[in-house]
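K.L.:
The amino acid sequence is not available; the structure is as follows:
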C-alpha cells in the first residue's frame, strides 16, 4: 500500500511535467512578434528543463520502486540510467543557466529570479565538482555495457550505489524545479 502511495506521487509529478511540456511546446506558434524573442528563448530553456526533469522523475520512480521491493538487480539498472540523466543535467547546466539567461535576468530591474538562478547554478556547480567524475565513469563504462570483459563489467556494476544515486537524483530534481520556478518569474516580468 505504501509503495502504491509513493508511485501515485510520482504520477502526479509526471502529469504536471507533461502539462508544462505541452504548454511550453506551444509558444513558437503563439509568440511570433519580434518583441517576443527573449520570451521565446526563455521558454525554450524552460522546455529543456521540463524534459530533463521528466526523465529524472520517471527514472527516480522506477529506482525507488525497485529499491522498495528489494530487487537489487533492477535498482542497479535504474541507478545507472538515473546516473546518466544526472550527468547530463550537470554537463548541460550552462545551457540552461548561461550568459543568455543571466543577461535577460539582469535586464529586468528588481526581478528576484537572477538571485534564484545564481543560487541554482552554484548548487549545480558544487554537485558537479563532487559527483561528475563518478557519474562520468558510470556513463562511460556501465551504460551500454562498454566494458568488454564480462567479469569486470559485473564487478563494476556492483559498485554502483542505488541509494546514493537516488539521493543525488532528488537533489538535482529539486534544483531543476527551482530553475523552472525562476524561469516563470522571469517570464512574468518580460
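P.N.:
Happy to help now that I have it. Only a predicted model underlies this, so the values are computations on that prediction, with no experimental measurement involved.
K.L.:
On the three-state scheme, the closest residue to residue 63 other than its chain neighbours is what?
P.N.:
Excluding the flanking residues, the one nearest residue 63 by C-beta to C-beta, 6 or more residues apart in numbering is residue 78, at 3.9 Å. For every residue, glycine as well, the C-beta is placed using N, CA and C. What DSSP: H, G, I helix; E, B strand; the rest coil gives for residue 78 is helix.
K.L.:
where does this protein dip in pLDDT?
P.N.:
By pLDDT under 70, the weakly predicted segments of the chain are 1-5, 28-29, 31-32, 36-37, 109, 143-147.
K.L.:
quick one, helices of it?
P.N.:
2-25, 27-30, 37-69, 72-91, 93-97, 99-106, 113-137, 150-158, 162-189 (DSSP state H).
K.L.:
Please work out which of these is packed deepest.
P.N.:
Highest mean neighbour count among those (mean count of other C-beta atoms under 10 Å): helix 72-91, with a mean of 21.
K.L.:
What helices and strands are in contact with it?
P.N.:
Under the contact definition 3 or more C-beta pairs under 8 Å, 6 or more residues apart in numbering; DSSP states H and E, helix 72-91 sits against helix 37-69, helix 113-137, helix 150-158, helix 162-189.
K.L.:
again, 6 Å this time
P.N.:
helix 37-69, helix 113-137, helix 162-189 (3 or more C-beta pairs under 6 Å, 6 or more residues apart in numbering; DSSP states H and E).
K.L.:
who touches the second one?
P.N.:
Right, helix 113-137. Outside helix 113-137, the residues that touch it by C-beta atoms under 6 Å, 6 or more residues apart in numbering are 83, 86-87, 90, 93, 97, 105, 175, 178-179, 182, 185-186.
K.L.:
Now flag whichever of those residues is closest to residue 163.
P.N.:
residue 83 (12.4 Å; C-beta to C-beta).
K.L.:
Near the nearest residue to the closest one once chain neighbours are set aside, how many other residues are there?
P.N.:
Of all residues not flanking residue 83 in the chain, residue 138 sits nearest, at 4.4 Å (C-beta to C-beta, 6+ apart). Counted with other C-beta atoms under 10 Å, the neighbours of residue 138 add up to 22.
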